[in-house]
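Q: Let's see this in three dimensions:
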Amino acid sequence: MPITKKRLQTSLNPEVEKMLNQQVQLEDQSSQYYLSFASWCEREGYVKAAEFLYEHAEEERQHMLKFFKFINAVGGHALAAEITPVPYEFESLRHVFELVLEHEIKVTKAINEIVDCCFQAKDFSTFQFLQWFVAEQREEEETARTILDAFDIIGEDSPQGMWMIDQEIGRIGAEGIDSDMGDQA
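A: Sure thing, here's the model as predicted:
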């Protein structure tokens, strides 16, 4: 079926489209970071943390695809993400999850900027689409903070403590943060 001019028409604000494509890049980068984190954890023997991070790498890829498909569905032009370098070595398991939290905060801020732009442009369709991501980012940050709390509560000064932290990361990944909160989200 040939593309017609009618198909190329869109109500998507050009600035919003640009920001959505930047988010495609950021979500893809998130997936790559999580893969790198997972590989390091697996190599270091943190099996449960690696499983958690591999799962999150795929989740971030799915987020990227949601943005990608949305842009095209509303008549925009989704752009494939550029490949960017990622770190491969980390100081410690705690350092990995400090980087996870730092990155999730960056993603939250980017989502909030797009939401604000949509609101100002009166692009309520995209605004509505983004609400799922707003809630998701709150959960992502909370999960990272909960994992970092485990380092302080359990202690990382012994091999047994590190094993327990790894197990706790696996539990959090399996149950999800909402289970810990009595499904209040």
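Q: Now do the SS call for the nearest residue to residue 48 once chain neighbours are set aside.
A: Excluding its sequence neighbours, the residue lying closest to residue 48 (Cβ to Cβ, 6 or more residues apart in numbering) is residue 170, at 2.9 Å. The way it works is simple: take the backbone N, C-alpha and C, and place the C-beta from them, glycine included. Three-state assignment for residue 170 (DSSP: H, G, I helix; E, B strand; the rest coil): helix.
Q: Just give me the neighbour total for residue 170.
A: By the measure other Cβ atoms under 10 Å, the count of residues near residue 170 is 17.
Q: where does it land on pLDDT?
A: Residue 170 carries a pLDDT score of 95 in this model.
Q: Against residue 135, how distant is it?
A: Going from residue 170 to residue 135 by Cβ to Cβ, to the nearest Å gives 24 Å.
Q: same deal with residue 45?
A: Distance from residue 45 to residue 135, by Cβ to Cβ: 34 Å.
Q: and if you look at residue 91?
A: 32 Å.
Q: next one: residue 80
A: 27 Å.
Q: Contacts only, for the residue positioned nearest the centre of the chain.
A: Most central in the chain under Cα atoms, centre = their mean is residue 60, positioned 4.8 Å from the mean C-alpha point. Residues in contact with residue 60 (Cβ atoms under 8 Å, 6 or more residues apart in numbering) are 27, 28, 30, 31, 34.
Q: same thing but 6 Å
A: 27, 30, 31, 34 (Cβ atoms under 6 Å, 6 or more residues apart in numbering).
Q: Could you report the neighbour count for the second one?
A: Neighbour count of residue 30, defined by other Cβ under 10 Å: 23.
Q: What helix or strand is it located in?
A: helix 14-44 (DSSP states H and E).
Q: Now that helix: buried residues?
A: 16-17, 19-38, 40-41, 44 (16 or more other Cβ atoms under 10 Å).
Q: cool, and stretch 147-160?
A: 147, 150, 151, 154.
Q: what about it, start to end distance?
A: Stretch 147-160 has its terminal residues 17 Å apart, counting by Cα to Cα, to the nearest Å.
Q: How about stretch 150-159?
A: For stretch 150-159, the end-to-end distance is 15 Å (Cα to Cα).
Q: So what touches that stretch?
A: 94, 161, 162, 164, 165, 168.
Q: Find the helix or strand that the closest residue to residue 133 other than its chain neighbours is a member of.
A: Using Cβ to Cβ, 6+ apart and skipping the chain neighbours, the partner closest in space to residue 133 is residue 111 (5.0 Å). Assigned by DSSP H and E, residue 111 belongs to helix 93-121.
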